[in-house]
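S.K.: Here you go, sequence then predicted model.
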Amino acid sequence: MIFERMRQLRKELGMSQSDVGEFLGIVQTVYSRYERGQNTIPLELLLKLCDLYGVSADYILGRSNVRHSDGEDAEK
């Protein structure tokens, strides 16, 4: 679930893996491994993704279908 959400959120913003990698301060190949589930994403990078996408960590991790911690914008 986490990998699908990471890809979905990136595509919603029209960003490439290279764009997200640059935002996180890593190369595209490393980000690609996170998005495909080959490597575990470090907590500090997960939190940066939450800020970038404006969603909660629980949403990215698949623990909730609510995008924001305030309960708005539930996934349909």
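M.R.: Great, that's in hand. Residues are numbered from 1 along each chain as shown.
S.K.: Could I get the contacting residues of residue 21?
M.R.: Listed by Cβ atoms under 8 Å, 6 or more residues apart in numbering, the contact set of residue 21 reads 27-28, 30-31. Every C-beta, even on glycine, is put in place using the N, C-alpha and C of the backbone.
S.K.: Residue 67: which of these is nearest?
M.R.: Closest to residue 67 out of the contacts of residue 21 is residue 31 (20.9 Å), distances taken as Cβ to Cβ.
S.K.: ok, so what distance separates the closest one from residue 15?
M.R.: 10 Å (Cβ to Cβ, to the nearest Å).
S.K.: next one: residue 8
M.R.: Distance from residue 8 to residue 15, by Cβ to Cβ: 12 Å.
S.K.: okay, the two: which has more neighbours?
M.R.: Neighbours were counted for residue 8 and for residue 15 using other Cβ atoms under 10 Å; residue 15 has more, 16 against 12.
S.K.: Look up phi and psi at that one.
M.R.: Dihedral pair for residue 15: phi -100, psi 150, per degrees, to the nearest 10.
S.K.: Tell me how far it lies from residue 65.
M.R.: Distance from residue 15 to residue 65, counting by Cβ to Cβ: 22 Å.
S.K.: show me where this structure has helices.
M.R.: Assigned by DSSP state H, the chain shows helices spanning 2-12, 17-24, 28-36, 43-53, 57-60.
S.K.: for those helices, which one ends up most surrounded?
M.R.: Comparing these by mean neighbour count (mean count of other Cβ atoms under 10 Å), helix 57-60 ranks first with a mean of 19.
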